[in-house]
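K.L.:
Any chance you can model this:
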Amino acid sequence: MTLSFDSGEGSEPYSATVRLRGRRVGSHATPGRDDTFTHEERVEGVVPGTGPLSVTCWVYGLVPGEWTVSGELVRAEDPAGGQRSPSSSKRLHAEPIGPAAWSWRRWRVSTGSPTPLRTRWAMAAPLARIPAVIPGSWPALSGLGILVALSVLMAILAHERVPVGRSLAVSLIALGAGLLGAKVWYALLHPGPWRQWIGGWAVDGFLVVALVVTLAGLVAFNLPVGVFLDASTPGLFFGVAIGRLGCFFTGCCAGRCTRSRWGVWSSDRRVGARRIPAQLFEAGVGLLLGAVTAWLVLDHVPTVPGLIFVAAFGVYLVVRQFLLRLRAESRRYSWDRSLAAHAAS
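P.N.:
Residues are numbered from 1 along each chain as shown. Prediction:
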């Protein structure tokens with residue numbers, strides 16, 4: 001179930017609890033243990049002044065059927081009415097909140113009408129409707145990005161009269177190794193149960209592993225290293241641009257909540273709010289780098305093969321470190337290994 005509430009007014013972020021109470025439709029006048037449930041979701045870092053928010057909750061282990069569910073928001077407030085964190089105030093205020101209704105046309109969340117909810121198979125629970133989230137958009141757009149990257153690479157290599165067959169073989173091998181590296185890298189950054197990291201990927205791991213495998217493959221197949229790397233640069237960044245759009249519509253790599261006007265309402269698959277559009281920023285950087293490097297490669301601007309690749313990825317890595325700090329999820333490791341500054345993942 002997804003509930004919506006307003007962030008309220010104030011100057012400091014606060015924490016709140018969304019409490020669900022459910023009762024199975026058709027249960028007896030005196031419901032048994034399996035006919036009711038109470039579930040609480042803690043929401044940290046609610047930024048006042050950001051407008052309406054949504055919180056998506058999953059409850060497992062229920063008796064199959066229809067359930068009526070009501071929600072309320074519990075948060076702390078001071079005697080003057082300003083919100084504080086629960087640690088700084090013992091006065092709690094509970095208010096009823098309703099289910100969320102999402103409009104793609106208006107791109108906004110509102111409060112909908114309460115209706116009974118039907119249980120579903122637990123494995124299909126992640127496919128539930130979430131405001132501003134399109135299930136499956138990341139694999140679809142990432143696959144499209146890979147096809148675009150390979151197509152651009154093959155077109156440029158054909159233009160440069162580099163053997164396309166051997167180049168495609170190196171690219172596919174590097175792609176498979178890079179995907180494996182992205183999964184392992186994500187698992188290292190997110191230690192814990194396998195269900196926690198099985199759905200995540202880390203672009204850093206993909207880039208590092210794919211580059212190493214590509215260099216080894218180019219040497220093994222006797223292909224020009226510098227020319228191949230330059231030719232691969234535009235397609236890779238076009239792929240980054242398309243893939244980051246998938247992140248935005250899937251709800252991964254979400255930015256921090258913000259009250260600024262240039263914030264975009266989006267979701268991290270649990271909390272929907274006005275956020276810094278970190279995914280869209282990175283998509284814009286990828287599109288710009290792809291366009292610039294395509295022009296440089298086709299016009300043969302540099303005299304040193306491989307210079308476009310090195311320069312473009314140097315720019316991307318620097319910009320990416322800034323973009324990582326705009327994300328909501330705290331990152332375990334940062335490039336500078338500083339304990340004082342926490343990069344966002």
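K.L.:
what does the domain assignment say about this structure?
P.N.:
Taking automatic domain parsing as the domain assignment, the ranges for the chain are 2-127, 137-162+224-324.
K.L.:
And the ones you listed: which comes nearest residue 200?
P.N.:
Put simply, out of these the one that sits nearest residue 200 is domain 137-162+224-324, at 7.2 Å, with distance taken as C-beta to C-beta. For glycine as for every other residue, the C-beta is placed from the backbone atoms N, C-alpha and C.
K.L.:
Against residue 223, how distant is the residue nearest to the spatial centre of the chain?
P.N.:
When C-alpha atoms, centre = their mean is applied to the chain, the residue found nearest the centroid is residue 252 (1.2 Å). Here residue 252 is placed at a distance of 34 Å from residue 223 (C-beta to C-beta, to the nearest Å).
K.L.:
same thing with residue 122?
P.N.:
Shown here: residue 122 relative to residue 223, a distance of 48 Å by C-beta to C-beta.
K.L.:
so how many other residues sit close to the residue nearest to residue 34 when sequence neighbours are not counted?
P.N.:
In space, residue 34 comes closest to residue 63 once its chain neighbours are excluded; the distance is 5.0 Å by C-beta to C-beta, 6 or more residues apart in numbering. Taking other C-beta atoms under 10 Å as the criterion, the count of residues near residue 63 is 12.
K.L.:
Next, work out how far apart residue 63 and residue 23 are.
P.N.:
Residue 63 is 11 Å from residue 23, by C-beta to C-beta.
K.L.:
Need the overlap of contacts for these two.
P.N.:
Common contacts of residue 63 and residue 23 (C-beta atoms under 8 Å, 6 or more residues apart in numbering): residue 35.
K.L.:
So which residues of the stretch 151-300 of the chain form strands?
P.N.:
264-267, 271-275 (DSSP state E, counting those that start in this stretch).
K.L.:
what about residue 226, neighbour count?
P.N.:
Neighbouring residues of residue 226 were enumerated by other C-beta under 10 Å; the total is 16.
K.L.:
Then the one 10 residues further on?
P.N.:
Neighbour count of residue 236, defined by other C-beta under 10 Å: 27.
K.L.:
helix, strand or coil for the residue nearest to it when sequence neighbours are not counted?
P.N.:
Residue nearest to residue 236 in three dimensions, not counting chain neighbours: residue 149, with 5.5 Å by C-beta to C-beta, 6+ apart. Of the three states, residue 149 takes helix under DSSP: H, G, I helix; E, B strand; the rest coil.
K.L.:
Looks to me like residue 76 is in a strand.
P.N.:
Yes - membership of residue 76 in a strand is supported by three-state DSSP.
K.L.:
wait, it sits on residue 46?
P.N.:
No - the pair formed by residue 76 and residue 46 falls short of the contact definition of C-beta atoms under 8 Å, at 11.4 Å.
K.L.:
rewinding a little: pick the most deeply packed of the domains of the chain.
P.N.:
Using mean count of other C-beta atoms under 10 Å, the stretch among these with the largest mean neighbour count is domain 137-162+224-324, at a mean of 19.
K.L.:
what's the first-to-last distance across that domain?
P.N.:
According to C-alpha to C-alpha, to the nearest Å, domain 137-162+224-324 extends 22 Å from its N-terminal end residue to its C-terminal end residue.
K.L.:
Would you confirm that residue 133 contacts residue 268?
P.N.:
No - between residue 133 and residue 268 there is no contact under C-beta under 8 Å: 9.2 Å.
K.L.:
Where does the residue nearest to residue 20 when sequence neighbours are not counted fall, secondary structure wise?
P.N.:
What sits nearest to residue 20 in space, not counting adjacent residues and going by C-beta to C-beta, 6+ apart, is residue 39, at 4.4 Å. Assigned by DSSP states H and E, residue 39 belongs to strand 36-46.
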